[in-house]
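Novice: Here is my input, please return the structure:
(one chain, ligands or ions: 2)
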Amino acid sequence: MDAVIKKIMPRSEYMEKPVTHRPSQAEAEAAVLTLLRWTGDDPDREGLKDTPKRVAKAFLEMFNGYDMCPAEELGRTFEEVAGYDDMVIVKDIHFHSHCEHHMVPIIGRAHVGYLPDRKVVGLSKIARVVDIFAHRLQTQEAMTAQIAAVIQEVLNPRGVAVMIDAEHMCMAMRGIRKQGSTTLTSTFTGAFKDSPEEQVRFITMVRNGLSA
Ligand SMILES: Nc1nc2c(ncn2[C@@H]2O[C@H](COP(=O)(O)OP(=O)(O)OP(=O)(O)O)[C@@H](O)[C@H]2O)c(=O)[nH]1
Ligand SMILES: [Zn+2]
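Specialist: Ligands and ions are numbered 1, 2, ... in the order given. Below you'll find the model as predicted:
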């Protein structure tokens, strides 16, 4: 597995744990204090006294995707699946991310399918990969492509399909202020890319829960 990860790392930096040069906790707290002042509030008042510390801690949790390697999650595979080689879809994977433009939430659901080539991966690992990428600053397009690419490269299935349906709070809370508008993105690789029928089957199964 290490060899596989090493092989893909130079090509796909986002698949490894990105190198980060984090500031100190004190620097992070000072930055939050500045932003509190930027809101117009008084950072010295009782209710805000511990907020810089809490926000710095919350950031470590919400952005823990920078400390994890999505390729590693897909390392353990199973081959004893009684010859099953048809589509596997994990749908409705709810996630919270943050847009890289405004650092406000993206709330959505990912649907991930693949066509196994002899081996399958634990279902939870697909959701873990979604979470790792979600816990980094994102655009929806990049997140969709990254999930598909890491599954394709590490698992090497016959094809991968990823669809994301998400609401961007930067469009709801500010700016254009459109509530309830959602964005759909999809990436298809391998047999999904080559075959419109496989794409339709994926979309139908995601939408209906059953194939047509
Ligand atoms: N393509 C894409 N755009 C995004 C995503 N998240 C946020 N955006 C958009 O990024 C754009 C940034 O536009 P800018 O004009 O640089 O910034 P802005 O003045 O804050 O834009 P407004 O949101 O229109 O007020 C906006 O149109 C956002 O809607 C995403 O995941 N994908
Ligand atoms: Zn945004």
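
Novice: Check the average confidence over the one helix or strand residue 125 maps to, would you?
Specialist: Here residue 125 is covered by helix 123-134, with elements defined by DSSP states H and E. Mean pLDDT, computed over helix 123-134, is 98.

Novice: could you say what helices and strands that helix packs with?
Specialist: In this structure, helix 123-134 makes packing contacts with helix 70-73, strand 88-99, strand 105-115, helix 140-155, judged by 3 or more CB pairs under 8 Å, 6 or more residues apart in numbering; DSSP states H and E. Any C-beta I mention is one placed from the backbone N, CA and C, and that applies to glycine too.

Novice: Which among these is found nearest to residue 55?
Specialist: Closest to residue 55 of the helices and strands packed on helix 123-134, according to CB to CB: strand 88-99, at 13.1 Å.

Novice: The closest one pairs with which strands, and in what direction?
Specialist: Strand 88-99 pairs in its sheet with strand 105-115 (antiparallel), strand 137-138 (parallel), by DSSP bridges.

Novice: Packed most tightly, which of those strands would that be?
Specialist: Most buried of the strands paired with strand 88-99, by mean neighbour count (mean count of other CB atoms under 10 Å): strand 105-115, with a mean of 22.

Novice: Not counting its own residues, what contacts whichever helix or strand comes after that one?
Specialist: The helix or strand immediately downstream of strand 105-115 is strand 120-121, counting by DSSP H and E. If you take CB atoms under 8 Å, 6 or more residues apart in numbering as the criterion, strand 120-121 is touched by 74, 76, 77, 78, 79, 81, 84, 88, 151, 155.

Novice: Adjacent strands (with direction) for strand 120-121?
Specialist: When DSSP bridges is applied, strand 120-121 pairs with strand 77-78 (antiparallel).

Novice: what's the partner strand in contact with?
Specialist: Counting by CB under 8 Å, 6+ apart, 119, 120, 121, 122, 155 sit against strand 77-78.

Novice: Break this structure down into its structural domains.
Specialist: Domain assignment for the chain, taken from automatic domain parsing, gives 25-64, 77-208.

Novice: how about those, which one is nearest ligand 1?
Specialist: Checking those against ligand 1 by CB to the nearest ligand atom gives domain 77-208 as the closest, at 3.2 Å.

Novice: Hmm, residue 79 is touching residue 117, no?
Specialist: No. Contact criterion CB atoms under 8 Å: residue 79 and residue 117 do not qualify, at 10.4 Å.

Novice: lowest-confidence helix or strand of this protein?
Specialist: Lowest by mean pLDDT, DSSP states H and E among the helices and strands of the chain is helix 2-8, with a mean of 45.

Novice: what's the nearest residue to the residue in the chain that ligand 2 sits nearest to if we skip its chain neighbours?
Specialist: Using CB to the ion, the closest approach of the chain to ligand 2 is made by residue 170 at 2.8 Å. By the measure of CB to CB, 6 or more residues apart in numbering, the closest residue to residue 170 outside its immediate chain neighbours is residue 102, 4.2 Å from it.

Novice: Many thanks, I have nothing further to ask.
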